[in-house]
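A.B. asks: Can you look at this prediction? I've put the sequence above it.
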Amino acid sequence: MQNDFGKGGSRSGYAKPTQNFSGPAAAVSGSPSQVRNQRHPNQGHSNYHSNNSPNSDGRWAGVQTRNFSAPTVYSGPSDKSQGPLGTIKGHGGGPQSNLRSLKSLRAVEQYYHTLQQMKWGPMTEHVLDNLRCKIDVFQANQVLKLLHDHNIALGFFHWLKRQPGFKHDGHTYTTMIGILGQAKQFGTMRKLLDEMSLVNCKPTVVTYNRIIHAYGRANFLREAVQVFEEMEGAGYEPDRVTYCTLIDIHAKSGYLEVAMDLYGRMQEVGLSPDTFTYSAMVNCLGKGGQLAAAYKLFCEMIENGCTPNLVTYNIIIALQAKARNYDNVVKLYRDMQIAGFRPDKITYSIVMEVLGHCGHLDEAEAVFLEMRRDWAPDEPVYGLLVDLWGKAGNVDKALGWYHAMLQDGLQPNVPTCNSLLSAFLKLNRFQDAYSVLQNMLAQGLVPSLQTYTLLLSCCTDAHASMGLCCQLMAITGHPAHMFLLYLPDAEPGGENVRDHARYFLDMMHSEDRESKRGIMDAVIDFLHKSGLKEEAGFIWEVAAQKNVYPDSVREKSSSYWLINLHLMSEGTAVTALSRTLAWFHRQMLLMGSCPERIDIVTGWGRRSRVTGSSLVRQSIEKLLHLFQFPLFAARGNTGCFVGCGEPLSQWLHNPYVERMHLL
DNA sequence: TTAGGGTTAG
């Protein structure tokens, strides 16, 4: 079989450009210069305000008397004007100790600035050797916390070890382990953990928590759980943070039930949830599609006397916004301010996104200006405007905001470039798309899985321009391209295709679930529409086994199944439904068990903009009609097809159920 | 002595 990737030897379709790409992207027009030219009122000023500064819990002093619907009264800090050392707490307690803490701060500052300025090497050690003020282990830990580059941090950590009279303690070890974990340097991290016992510095629950978190965020759930068990085996009591971390990582990987179970276990051992845990749970439930349960828990949290913080409000507001419950959004937004929290960049972003999706782009821009009074915009906020305008089809505006970001001294990041790329692709402006991609590479930005996904989706949608899309896909150099190029023709049983897909998904292990779902959706849709339906089917099976689609098939109650296709594109939905029905068919032959009822939920489909005009729904309906699926007339939801009882069981016996996806 | 970990946006 051949596809447009030149599978089977002929790769001329993508190796040689058929069009001569040259020059930068189109000139900027419609650039929002009026926005760019407005300076942030706090930029360049010091940040010592006697009032309007945050309390320790992030709330603002004097809030009850202040009118928060008029942000003009506010002259609080910009997060940009806060130095990296601003987070270090003083020691408190009189002028003597103030002086001491000032000296301590200066030492930390010196070391931090030295380390920040250079890469790790002999020269760094030389400079450190010559620093006049020595630091103790407490200060060393403060410096480590400020370092984000794991190489520099580790170099410094080892250098400290060699200093006469210096000895690392549990804090510095734990901080270093945390930095390594964040950088996914698991080998070195484990080595350091072993070393702790050797130097008589026993790890604490905090040390274990950081390791569990590191594995979990990189999607190594098995390892995370192993460390948890290891920790319990060594006699450590897991605390709230341990549970909160485990809950969060399981929910994020699509194991919501495990997360709920852990939530219960935590309470059984006598740990009541705190604000962090509640926030994580509300987020998990909401993202898992259980919005009502999420909101109920949010209310329960308040009833139990646990105060939501800014993050909790942002989470619940974002969830309500996504569900388009705009009345609730407004109410919660107000509640948040009454509770004394000022919106931060994330809150503003949520509001801007809502406005953008409702088509009020100009109002979103107005909110940007409002936000700018309190906060210095960052890449994600600019990126959001690039994305919103791009999605609205106004690429000039998108490009304008992209340039505004550059003029603000910010470096473009991959997601923002993706938004711009997507905007050009939408309009079939391939030459501009090419420029964006080349620009990314020239700046050392590595195209992400999302970059490749949007190129592949474009390739599927724009048949006429498939050659051009393939060139762009090749340029990314992403492993996904190799996966498609070397996809073998399916052998009987398809084990070779399954192995190929498993290998790819293992390689993508640490990508988040949404991204994995995105690429698998694009791949399956592409293959299905290119006529490689058998391959598409095998790949779907692997994706399902690997929990990429945790909510697509579930048993709602005994013998009552739900097949949820509403997040899939057309080809994937057809493939997923066919393969799931085939699975029921096989289960029936094997075990004699048959579902009493199956609900097939299409929603309006991922690509549909107009309610009722879903391609997914249409294709599924066509497929079901063609194979004479015994449709039961369900009331209300026209995006849902239902089969049940004896007719369903008889229909599932048909041998053709095994081959539906090939049609 | 001081301190350390977990939750949100693209």
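C.D. replies: Sure, I can see it.

A.B. asks: hey, let's count contacts and neighbours off CA atoms from now on
C.D. replies: OK.

A.B. asks: Could you break chain A into its assigned domains?
C.D. replies: A:467-548, A:551-663 (automatic domain parsing).

A.B. asks: Check the separation of the first and last residues in the shortest one.
C.D. replies: Length of domain A:467-548, first residue to last, CA to CA, to the nearest Å: 29 Å.

A.B. asks: for stretch A:336-345, same thing?
C.D. replies: 14 Å.

A.B. asks: So which elements touch the longest helix belonging to chain A?
C.D. replies: Assignment by DSSP state H gives helix A:94-117 as the longest helix of chain A. Contact analysis of helix A:94-117 by 3 or more CA pairs under 8 Å, 6 or more residues apart in numbering; DSSP states H and E lists helix A:122-129, helix A:137-146 as its packing neighbours.

A.B. asks: ok, 10 Å please
C.D. replies: If contacts are counted by 3 or more CA pairs under 10 Å, 6 or more residues apart in numbering; DSSP states H and E, helix A:94-117 sits against helix A:122-129, helix A:137-146, helix A:150-161.

A.B. asks: buried sites along the first one?
C.D. replies: Counting neighbours by 16 or more other CA atoms under 10 Å, one finds that the buried residues in helix A:122-129 are A:T124, A:L128.

A.B. asks: What mean pLDDT does it get?
C.D. replies: Taken as a whole, helix A:122-129 carries a mean pLDDT of 87.

A.B. asks: hmm, back to that, okay, the domains of chain A in TSV with distance to A:D194, mean neighbour count and mean pLDDT next?
C.D. replies: Formatted as TSV, the domains of chain A follow (distance: least, CA to CA, whole Å; neighbours: other CA atoms under 10 Å; pLDDT from 0 to 100):
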stretch	distance to A:D194	mean neighbour count	mean pLDDT
domain A:467-548	25	19	96
domain A:551-663	39	18	87
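
A.B. asks: Looking from DNA strand B, tell me which residue of the stretch 351-500 of chain A is nearest.
C.D. replies: A:P380 (3.8 Å; CA to the nearest atom of the strand).

A.B. asks: before we move on, the earlier item: what about the longest helix of chain A, distance to the chain center?
C.D. replies: The chain centre lies 36 Å from the centre of helix A:94-117; the measure is CA atoms, centre = their mean, to the nearest Å.

A.B. asks: what inclination does that helix have with respect to helix A:150-161?
C.D. replies: Orientation check (axes from the mean of the first three to the mean of the last three CA atoms, to 10 degrees): helix A:94-117 against helix A:150-161 gives 120 degrees.

A.B. asks: Surely A:L562 forms part of a strand?
C.D. replies: Yes - per DSSP: H, G, I helix; E, B strand; the rest coil, A:L562 lies within a strand segment.

A.B. asks: you'd agree it is up against A:E596?
C.D. replies: No - with contact defined as CA atoms under 10 Å, A:L562 does not count as touching A:E596 (11.3 Å).

A.B. asks: residues touching the closest residue to A:M196 other than its chain neighbours, list them.
C.D. replies: Among residues not flanking A:M196 along the chain, A:K202 sits closest, at 5.9 Å (CA to CA, 6 or more residues apart in numbering). Listed by CA atoms under 10 Å, 6 or more residues apart in numbering, the contact set of A:K202 reads A:D169, A:G170, A:Y173, A:L193, A:D194, A:E195, A:M196.

A.B. asks: can I get the domains of chain A in a markdown table with distance to DNA strand B?
C.D. replies: As requested, these are exported to a markdown table (distance: least, CA to the nearest atom of the strand, whole Å):
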| stretch | distance to DNA strand B |
| --- | --- |
| domain A:467-548 | 10 |
| domain A:551-663 | 15 |
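
A.B. asks: Now do the longest helix of chain A against helix A:137-146: the angle between them, please.
C.D. replies: Using the same axes, to 10 degrees: helix A:94-117 against helix A:137-146 is 50 degrees.

A.B. asks: List the ones among the contacts of A:K202 that fall in helices.
C.D. replies: Counting by DSSP H, these place A:G170, A:Y173, A:L193, A:D194, A:E195, A:M196 in helices.

A.B. asks: Report the separation between the fourth one and DNA strand B.
C.D. replies: Going from A:D194 to DNA strand B by CA to the nearest atom of the strand, to the nearest Å gives 14 Å.

A.B. asks: need the contact list for that residue.
C.D. replies: By CA under 10 Å, 6+ apart, the neighbours of A:D194 are A:T188, A:C201, A:K202, A:P203.

A.B. asks: tell me the contacts of the residue sitting nearest the centre point of chain A?
C.D. replies: Against the mean C-alpha coordinate of chain A, by CA atoms, centre = their mean, the closest residue is A:D512 at 5.9 Å. For A:D512, the contacting residues are A:R217, A:A218, A:N219, A:K252, A:S253, A:V548, by CA under 10 Å, 6+ apart.

A.B. asks: neighbours of the first one, just the number please.
C.D. replies: Neighbour count of A:R217, defined by other CA atoms under 10 Å: 23.

A.B. asks: hang on, isn't it packed against A:E511?
C.D. replies: Yes - assessed by CA under 10 Å, A:R217 is found in contact with A:E511 at 9.5 Å.

A.B. asks: gap between the residue in the stretch 1-150 of chain A that DNA strand B sits nearest to and A:G270?
C.D. replies: Per CA to the nearest atom of the strand, A:F138 is where the stretch 1-150 of chain A lies closest to DNA strand B, at 4.2 Å. Noted for A:F138: a distance of 33 Å to A:G270, by CA to CA.

A.B. asks: So for these two, which residue has more residues nearby?
C.D. replies: A:F138 (14 against 10).

A.B. asks: Next, the contact list for that one, please.
C.D. replies: A:S104, A:V108, A:H168, A:D169, A:H171, A:T172.

A.B. asks: So which of the contacts of A:D194 reach DNA strand B?
C.D. replies: Counting by CA under 7 Å from any atom of the strand, A:P203 from the contacts of A:D194 sit close to DNA strand B.

A.B. asks: Quick check on the contacts of A:D194: which are buried?
C.D. replies: A:C201, A:K202, A:P203.

A.B. asks: Secondary structure class of the second one, three-state.
C.D. replies: For A:K202, the secondary-structure state derived from three-state DSSP is coil.

A.B. asks: Can you show me the strands along chain A?
C.D. replies: Remark: strands assigned in chain A by DSSP state E are A:553-557, A:560-564, A:597-601, A:640-644.

A.B. asks: on that earlier part again, the residue of the stretch 351-500 of chain A closest to DNA strand B and A:I317: what is the separation?
C.D. replies: 18 Å.

A.B. asks: Between the two, which has more neighbouring residues?
C.D. replies: Shown here are A:P380 and A:I317; by other CA under 10 Å, A:I317 has more neighbours (24 against 18).

A.B. asks: what about the nearest residue to that one once chain neighbours are set aside, neighbour count?
C.D. replies: What sits nearest to A:I317 in space, not counting adjacent residues and going by CA to CA, 6+ apart, is A:V329, at 5.4 Å. Look at A:V329: counted by other CA under 10 Å, it has 23 neighbours.

A.B. asks: isn't A:V329 right up against A:Q320?
C.D. replies: Yes - using CA under 10 Å, A:V329 makes contact with A:Q320 at a distance of 5.9 Å.

A.B. asks: On the pLDDT front, check the nearest residue to A:T451 once chain neighbours are set aside for me.
C.D. replies: Nearest in space to A:T451, with sequence neighbours left out and distances taken as CA to CA, 6+ apart, is A:N418 at 5.7 Å. Here, the pLDDT recorded for A:N418 equals 97.

A.B. asks: Quick one: residues contacting A:N418.
C.D. replies: Applying CA under 10 Å, 6+ apart, the residues contacting A:N418 are A:383, A:386-387, A:424, A:433, A:436-437, A:440, A:447-448, A:450-452, A:454-455.
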